[in-house]
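Trainee: Please work out how this folds:
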Amino acid sequence: MRVTVDQDKCVGSGQCVLAAERVFDQRDEDGVVILLDAQPPAELHEDVRQAAVVCPALAIELSE
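Mentor: Numbering: from 1, shown residues only. Reported below is the predicted structural model:
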């Protein structure tokens, strides 16, 4: 799995961090997503998929 994020789309809701905190974080100043791991291990794939689904801005893209 490869993960990409579009920081320009991100609205800072933090849902991605709640779903997959080992893969996503947020900038302190504005809450915009920070990608911590563009190729997460297999045990995190379901959490990352959930993060992409719950993102209100559709700022997370996955390729598998």
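Trainee: Give me the contacts around the helix or strand Leu18 falls within.
Mentor: Of the helices and strands defined by DSSP states H and E, Leu18 is found in helix 15-19. Under the criterion C-beta atoms under 8 Å, 6 or more residues apart in numbering, residues 23-26, 33, 47-48, 50-52, 54-56, 60 lie in contact with helix 15-19. In this view, the C-beta of every residue, glycine as well, is placed from N, C-alpha and C.
Trainee: Can you give the distance from that helix to the centre of its chain?
Mentor: 7 Å (C-alpha atoms, centre = their mean, to the nearest Å).
Trainee: Alpha carbons of that helix, as CSV, please.
Mentor: Once non-C-alpha atoms are left out, helix 15-19 reads as follows in CSV (Å, rounded to 0.1, in the frame of the first residue of the first chain):
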residue,chain,number,x,y,z
GLN,A,15,-10.2,11.9,11.7
CYS,A,16,-7.2,10.3,10.0
VAL,A,17,-5.2,10.6,13.2
LEU,A,18,-7.9,9.0,15.2
ALA,A,19,-8.1,6.1,12.8
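Trainee: elements contacting the lengthiest helix in the chain?
Mentor: Counting by DSSP state H, the longest helix found in the chain is helix 45-54. The elements that helix 45-54 packs onto, with contact taken as 3 or more C-beta pairs under 8 Å, 6 or more residues apart in numbering; DSSP states H and E, are helix 15-19, strand 60-63.
Trainee: List the buried residues for it?
Mentor: Within helix 45-54, the residues that qualify as buried by neighbour count (16 or more other C-beta atoms under 10 Å) are 45, 47-49, 51-52.
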